[in-house]
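**Student:** Predicted structure and sequence below. I'll ask about it afterward.
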Number of protein chains: 2
Amino acid sequence: MTIRSKSHDRDKALSRARDLFWKQGFHATSLKDIEAALRMHPGSIYAAFGNKETLFRMALERYAQEIAESRQKILDAAPDVLEGLARFVESAHPVVRDDVPQPACFLAKTGMDTGLTQPALRAAILDLLDRSEASFVAIYRQAQAEGALPASLDPSQTARRLQATLTGIGVYAMRPDRREQARDMAADLAREIRAMRVLAS
Amino acid sequence: MTIRSKSHDRDKALSRARDLFWKQGFHATSLKDIEAALRMHPGSIYAAFGNKETLFRMALERYAQEIAESRQKILDAAPDVLEGLARFVESAHPVVRDDVPQPACFLAKTGMDTGLTQPALRAAILDLLDRSEASFVAIYRQAQAEGALPASLDPSQTARRLQATLTGIGVYAMRPDRREQARDMAADLAREIRAMRVLAS
DNA sequence: TCTCTTTTTGAACGATCACTCAAGCGTGAG
DNA sequence: CTCACGCTTGAGTGATCGTTCAAAAAGAGA
């Protein structure tokens, strides 16, 4: 029971850290901010998470994992993988959700913020970005296997383009007065994904 | 003569500041870094530019102005405005140039880095982003007037999508091992722009 | 050469940064 | 009830942050 409640606390703290870092970025977030958000004192923070950079990396990884889980859930619920991808783009990606600290992808934002100069973070970000792109590649491949997409389509290229476009929409959505337009763009993108389908004759 | 050489020095300093801030972002750049890059001492920097934030804003504005000038030059040299836009996308945007401190747009990068929380910078960034988007709107409108694009096309919507896509490609290009793929995406984008043309019958 | 003005210099400022650690506290076993 | 152990606490660490300013240097004019 003790262990369970402790890991629960830790979980909640990590969630709060993710939200804070996601909103403010690595450099603009001070330990004072973290203390306030996690409702923990410096000693406890360092005992639990090591240091600021490690905590940030854990927050990043948690973000990536949650996105991946959410995406998988949508895919599982969809009639096929291509439709699942469209649904993910139009309803589940941070870009279109409003219960999220920032519309832009946390990974992309961090890449910009740190300029990929922080060695320990750099490796983590590149890895997580790779996984995201790889999951899109896998989705397109599966869609081809299901006969929903033409075999001539290059899954890697298409995945890269999707990744870049989603990122771009996310950055655009950072402007509070443009959230709606960003959602429209995401809806357009979903429509384009559906339009790729080759109809069985 | 004195005045000229002074404004020239100031110009060079501002250029260096732009490169430094562009590469490292606002928060990750210390005044020590700035002193080294501008080869100036703190007193002179503050005498010339006010403070760090003002210097940053000036660097941002200079960046935006140079991009706008470069875009205008490309447009002027092109046979028509739609072809000019395609050429800008495939050869002049920071995304595809390699003589630039960072492939991602300085404005977008700053928006991510500061989270648009810094009030003085926020206004400047939003304004400059607006101008960029407005220039794309103007380009699409002119292309319609020239008969190169169908009247049914929504210039605002198309401009937003272009802005977002270019931003996304820029973020993607931040990874040194993906510069080539980013350039490919820019080339694809240019191709898509050319493909929008309605051919006179 | 001398004087007045402008610019450059860099030491120093208070604030804040990420981080540490000795002391205090709560809890559960004996 | 007592004691021992593990977690929490927050004042304090040296370093670095952005910024200032008095003094020195450079420049201009006579």
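**Tutor:** Structure received.
**Student:** Is the residue of chain A found nearest DNA strand D in a helix, a strand, or coil?
**Tutor:** Closest to DNA strand D within chain A is residue A:43: 2.4 Å, counting by CB to the nearest atom of the strand. Bear in mind the C-beta positions are built from the backbone N, C-alpha and C, glycine included. Three-state assignment for residue A:43 (DSSP: H, G, I helix; E, B strand; the rest coil): helix.
**Student:** do the same with residue A:125
**Tutor:** Under three-state DSSP, residue A:125 comes out as helix.
**Student:** next one: residue A:199
**Tutor:** Assignment for residue A:199 (three-state DSSP): coil.
**Student:** for residue A:62, same thing?
**Tutor:** Under three-state DSSP, residue A:62 comes out as helix.
**Student:** Can you tell me how far the residue of chain A closest to DNA strand D is from DNA strand C?
**Tutor:** 3 Å (CB to the nearest atom of the strand, to the nearest Å).
**Student:** Quick check: pLDDT value at that residue.
**Tutor:** On pLDDT, residue A:43 comes in at 93.
**Student:** I'd like the distance from it to residue A:35, if you could.
**Tutor:** Residue A:43 is 10 Å from residue A:35, where distance means CB to CB, to the nearest Å.
**Student:** The two: who's more crowded?
**Tutor:** The neighbour count for residue A:43 versus residue A:35, taken as other CB atoms under 10 Å in any protein chain shown, is higher for residue A:35 (14 against 8).
**Student:** so the more buried one sits right up against residue A:41, yeah?
**Tutor:** Yes. Judged on CB atoms under 8 Å, residue A:35 makes contact with residue A:41 at a distance of 6.4 Å.
**Student:** Which single residue of chain A ends up nearest chain B?
**Tutor:** Residue nearest to chain B within chain A (CB to the nearest CB): residue A:168, separated by 2.6 Å.
**Student:** wait, what's in contact with residue A:169?
**Tutor:** A:95, A:182, A:185, A:186, A:189, B:164, B:168 (CB atoms under 8 Å, 6 or more residues apart in numbering or on different chains).
**Student:** wait, which of those residues is closest to DNA strand C?
**Tutor:** Of those, the one sitting nearest to DNA strand C (CB to the nearest atom of the strand) turns out to be residue A:95, at 28.0 Å.
**Student:** can you count the residues close to that closest one?
**Tutor:** 27.
**Student:** Look at it and give its secondary structure.
**Tutor:** Here residue A:95 is recorded as helix under three-state DSSP.
**Student:** State the mean pLDDT of the helix or strand where residue A:165 lies.
**Tutor:** Element membership for residue A:165, per DSSP states H and E: helix A:155-173. The predicted model assigns helix A:155-173 a mean pLDDT of 97.
**Student:** That one vs helix B:155-173, what angle?
**Tutor:** In terms of direction (axes from the mean of the first three to the mean of the last three CA atoms, to 10 degrees), helix A:155-173 departs from helix B:155-173 by 120 degrees.
**Student:** what distance separates the next helix or strand along the chain from helix A:155-173 from the centre of its chain?
**Tutor:** Note on helix A:155-173: by DSSP H and E, the next helix or strand toward the C-terminus is helix A:179-195. Centre-to-centre, helix A:179-195 and its host chain are 17 Å apart (CA atoms, centre = their mean, to the nearest Å).
**Student:** Can you give me the buried ones in helix A:179-195?
**Tutor:** A:179, A:181, A:182, A:183, A:184, A:185, A:186, A:188, A:189, A:190, A:193, A:194 (16 or more other CB atoms under 10 Å in any protein chain shown).
**Student:** Give the closest residue to residue A:178 in space, chain neighbours not counted.
**Tutor:** residue A:172 (6.0 Å; CB to CB, 6 or more residues apart in numbering or on different chains).
**Student:** From what I see, that neighbour and residue B:166 are in contact.
**Tutor:** No. With contact defined as CB under 8 Å, residue A:172 and residue B:166 do not form a contacting pair (10.5 Å).
**Student:** So which bits of chain A are right by chain B?
**Tutor:** Within chain A, the positions near chain B by CB under 8 Å from any CB of the partner chain are A:23-25, A:27-28, A:102, A:104, A:108-109, A:111-117, A:126, A:129, A:157, A:160-161, A:163-169, A:171-172, A:174-175, A:181-182, A:184-185, A:188.
**Student:** now, which of those lie close to DNA strand D?
**Tutor:** When CB under 7 Å from any atom of the strand is applied, no member of these is adjacent to DNA strand D.
**Student:** Where does pLDDT dip in chain A?
**Tutor:** Counting by pLDDT under 70, the low-confidence segments of chain A come to A:1-7, A:200-201.
**Student:** what about 90?
**Tutor:** A:1-11, A:91-96, A:98, A:112-120, A:198-201 (pLDDT under 90).
**Student:** which bits of it sit near DNA strand D?
**Tutor:** So chain A meets DNA strand D at A:40, A:41, A:42, A:43, A:44, A:47, A:48 (CB under 7 Å from any atom of the strand).
**Student:** most surrounded residue in those residues?
**Tutor:** Most crowded among the residues of chain A next to DNA strand D, counting by other CB under 10 Å, is residue A:40 at 19 neighbours.
**Student:** Identify the residue spatially nearest to that one, adjacent ones excluded.
**Tutor:** residue A:13 (6.5 Å).
**Student:** tell me the contacts of that neighbour?
**Tutor:** Contacts of residue A:13 by CB under 8 Å, 6+ apart are A:38, A:40, A:48.
**Student:** so how far is residue B:29 from residue A:71?
**Tutor:** 36 Å.
**Student:** buried ones in the helix holding residue A:165?
**Tutor:** Those would be A:155, A:158-173, for helix A:155-173 by 16+ other CB under 10 Å.
**Student:** Stretch A:21-39 too?
**Tutor:** Neighbour count says stretch A:21-39 has A:21, A:22, A:23, A:24, A:25, A:26, A:27, A:28, A:29, A:34, A:37, A:38 buried, by 16+ other CB under 10 Å.
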